[in-house]
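> below is the sequence, then the predicted model.
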Amino acid sequence: MSPESPSGQKHSNRHHVYPKSRIPMPYRAGKRKLLGKWLVLPNVPIVSHNALHAIFGNRTPEEQSEFLKEICVGDILNISIYVAYKELFDILFGGNISFAGMAEILKKWDLLDGDKQKYSDKFESLLKVLNNDVKGGVSVKKYKLNNPPSHKATEGK
């Protein structure tokens, strides 16, 4: 039975650094199993874990870093995104909205470099089979982040 968060939502306090949903079924068990304890951070705070997935969906650590760059304007989180998701960002990043600060906190949600080396054979195999089915997280399209502010000023003229 999984623990319960303060909001009453049941969720695991174990974080799969590379999401299970992105690992094809044949590699989750049996002879070709790549899913294991080496891929899990145990005892993560449930509320923070929920916030991480609400912001980043099922992205891998590398994709989380890229996504963080995408939702920042320069070195600061896009203010519209921060306002809309303030509670989640505050839970996960403790009010820090600088890219550097958030990137440093995200490192805690990744495997240690030593573990990546120790399990390098499994890690390389995992990266080869990981599917591209990224789901969830903050909707970038909603905030039109692909349009630089200068385009908005010239629209309608």
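That came through, no problem.

> so for this structure, the centremost residue is which one?
residue 56 (3.8 Å; Cα atoms, centre = their mean).

> tell me the contacts of it?
By Cβ atoms under 8 Å, 6 or more residues apart in numbering, the residues touching residue 56 are 63, 64, 67, 136, 137, 138. Glycine gets a C-beta too; all of them are placed from N, C-alpha and C.

> so the last one makes contact with residue 71?
Yes: contact criterion Cβ atoms under 8 Å: residue 138 and residue 71 qualify, at 6.3 Å.

> just the contacts of residue 56 now: which is nearest residue 77?
residue 138 (10.2 Å; Cβ to Cβ).

> what segments of this protein are helices?
Under the criterion DSSP state H, the chain contains helices at 46-56, 61-70, 79-84, 86-93, 99-106, 113-118, 120-129, 149-154.

> any idea how far residue 42 is from residue 13?
Going from residue 42 to residue 13 by Cβ to Cβ, to the nearest Å gives 7 Å.

> pLDDT below threshold where in this protein?
Scanning the chain for pLDDT under 70 picks out the ranges 1-11, 144-157.

> so how far is stretch 49-69 off the chain centroid?
2 Å (Cα atoms, centre = their mean, to the nearest Å).

> ok, and the closest non-adjacent residue to residue 133?
Of all residues not flanking residue 133 in the chain, residue 22 sits nearest, at 6.3 Å (Cβ to Cβ, 6 or more residues apart in numbering).

> for the closest residue to residue 137 other than its chain neighbours, what are its contacts?
Excluding its sequence neighbours, the residue lying closest to residue 137 (Cβ to Cβ, 6+ apart) is residue 57, at 3.2 Å. Shown in contact with residue 57 (Cβ under 8 Å, 6+ apart): 134, 135, 136, 137.
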